[in-house]
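Visitor: what follows is a protein structure lacking sequence information:
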């Protein structure tokens, strides 16, 4: 079975506008979403740290990249070597003598941020479609 869709001039303008809006608006919203998650991570870390220097909480950085094919990737990451051990738990330190309980700050932060991220996603998509439709007339 083959289904063929032929768009009139307005439909073509709408599709072009939608593509352009996605390319311009979605990466900006991805940055906002990554920041929401990063802020939640900082709050989670500051909630469990006994002697907080703030280094771990401040170490998280956000990056958004758009590939040549148009895929948008938002990343929240830390380059500190002990960031992972605090999330997953395990042995650390000299001769692996210390046992660190898993804190699951990333898991908890993502769970807490999920409703906000969902709202931002819905709002972004609605805005993209609305702007493309208004351009098509």
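Guide: Cool, the structure landed. Quantities reported herein were computed from a predicted structural model and do not represent experimental measurements.

Visitor: switch to C-alpha atoms for all contacts and neighbour counts from now on
Guide: Fine.

Visitor: from residue 27, how far out is residue 20?
Guide: 12 Å (Cα to Cα, to the nearest Å).

Visitor: show me which of these two is the more surrounded one.
Guide: Neighbour count, other Cα atoms under 10 Å: between residue 20 and residue 27, residue 27 has more, with 18 against 13.

Visitor: make sure residue 16 is indeed in a helix.
Guide: Yes - counting by DSSP: H, G, I helix; E, B strand; the rest coil, residue 16 is part of a helix.

Visitor: per-residue pLDDT of it, please?
Guide: Note on residue 16: pLDDT of 81.

Visitor: and what of residue 68?
Guide: 87.

Visitor: that's a helix at it, yeah?
Guide: No - counting by three-state DSSP, residue 68 is located in no helix; its state is coil.

Visitor: can you tell me how far it sits from residue 23?
Guide: Distance, residue 68 to residue 23, using Cα to Cα: 11 Å.

Visitor: settle it for me: which of those two has more neighbours?
Guide: For residue 68 versus residue 23, the count of surrounding residues by other Cα under 10 Å is larger for residue 23: 16 against 7.

Visitor: quickly find the element holding the residue nearest in space to the middle of the chain.
Guide: The residue lying closest to the centre of the chain (Cα atoms, centre = their mean) is residue 34, at 3.7 Å. According to DSSP states H and E, residue 34 maps onto helix 9-48.

Visitor: tell me what the helix or strand following that helix is packed against?
Guide: As assigned by DSSP H and E, the chain's next helix or strand after helix 9-48 is helix 55-58. In terms of contacts (3 or more Cα pairs under 8 Å, 6 or more residues apart in numbering; DSSP states H and E), helix 55-58 is packed against helix 9-48.

Visitor: now do the helix it packs on: distance to the chain's middle.
Guide: Computed by Cα atoms, centre = their mean, to the nearest Å, the chain-centroid distance of helix 9-48 equals 8 Å.
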